[in-house]
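Colleague: can you look at this prediction? I've put the sequence above it.
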Amino acid sequence: MTPMNIWRSQSHIRIDNACLLLAGIDPWEVDPDCPTLALDDALWGPFASIRWAYEREVRQKEQLVSATAWLGRLKRAVIKGEIQPSDEEDKGLIRVWKRLSEPQEDTIAKDIDVTGKQIGITTSTIFYELIAYDLVDSIDFDVLASSEGDFDFDFDVSRSELARWLLSLGWSEVELPDFLSGADTSLAFSKSITDELRILESFGLLAELYANQHGPEYRNGAKPNATRIVEDMLNAIPDDVTNMGERKLKSHVGDAIKAWERKKRR
């Protein structure tokens, strides 16, 4: 199987690999002696493939700059709800990383011989540690953006979702890159995600209107106070009616408030 056919066979792709492919760079070129690194889980920090591509100068600078530009665009697309991250098992998950105060060296075995011994061992510098793997709606992107590079995030995306997103930008199916050939571009999944987001945004708007009508104690800074609103909800309707306790209901209200806050910033 050729490298490009292997990419076509993947249902989900790490975002750094997807950005390299969109820029016309096969991630396997980053280390031809160890192509499995391109497919492994993101253990080396966010956007490791792009960083290694720069370090090893695998292509012209213009293509690497293009990959970086795609990365920024796709991260904004996730924040704005234009594209839904997902891995092989779950939808909506992103990885949150914290920059290490001191970079660390980690070893990578390029292969294992017939006796089980690791061979072709090399080292890589690790700059981040994984601190969360959580639903996108539970992440406060304002905090990440204000961290001055101490925190960052990345994610996996399905080939079908990436193809659907490119089509939504005005691409035609014949313009899709080779690694997305044959991807299912049905809008059904995307529509369900969009509908759910709109419901959350509407609920968040109601929470803000409720807080505005009930005074300062119903606000937490500039945002509605989810805890206070949930108290009123449970006082009005017992949790044995909603089948949701305070913690679960607060989580839903909090998600709605976050969705509405993101909507206001667009």
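Modeller: Done, it's in.

Colleague: residue boundaries of the helices in the protein?
Modeller: Ranges of helices within the chain are 3-9, 15-22, 36-39, 48-56, 61-79, 141-145, 159-168, 188-214, 226-236, 239-242, 246-265, based on DSSP state H.

Colleague: please enumerate residues in contact with the last one?
Modeller: Contacts of helix 246-265 from elsewhere in the structure, counted by C-beta atoms under 8 Å, 6 or more residues apart in numbering, are 79-81, 137-138, 140-141, 197, 200-201, 203-205, 207-208, 223-224, 226-227, 229-231, 233-234, 239, 242, 244. (C-beta placed from N, C-alpha, C; glycine too.)

Colleague: residue 126 is nearest to which of the helices of the chain?
Modeller: Comparison of the helices of the chain against residue 126 by C-beta to C-beta identifies helix 48-56 as nearest, at 8.9 Å.

Colleague: please name every helix or strand in contact with that closest one.
Modeller: When contacts are defined as 3 or more C-beta pairs under 8 Å, 6 or more residues apart in numbering; DSSP states H and E, helix 48-56 packs onto helix 15-22, helix 61-79.

Colleague: just to revisit the earlier point, just say which of the helices of the chain is most tucked in.
Modeller: Among these, ranked by average contacts under mean count of other C-beta atoms under 10 Å, first place goes to helix 15-22 (a mean of 26).

Colleague: orientation of it relative to helix 61-79 in degrees?
Modeller: Orientation note: helix 15-22 sits at an angle of 130 degrees relative to helix 61-79 (axes from the mean of the first three to the mean of the last three C-alpha atoms, to 10 degrees).

Colleague: just the C-alphas of helix 15-22, formatted as PDB.
Modeller: These are the backbone C-alpha positions of helix 15-22, laid out as PDB (Å, rounded to 0.1, in the frame of the first residue of the first chain):
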ATOM      1  CA  ILE A  15      -4.600  17.800  13.000                       C
ATOM      2  CA  ASP A  16      -0.800  18.400  12.500                       C
ATOM      3  CA  ASN A  17      -0.700  15.600   9.900                       C
ATOM      4  CA  ALA A  18      -3.800  16.900   8.200                       C
ATOM      5  CA  CYS A  19      -2.300  20.400   7.900                       C
ATOM      6  CA  LEU A  20       0.900  18.900   6.400                       C
ATOM      7  CA  LEU A  21      -1.200  17.000   3.900                       C
ATOM      8  CA  LEU A  22      -3.200  20.100   3.000                       C
END
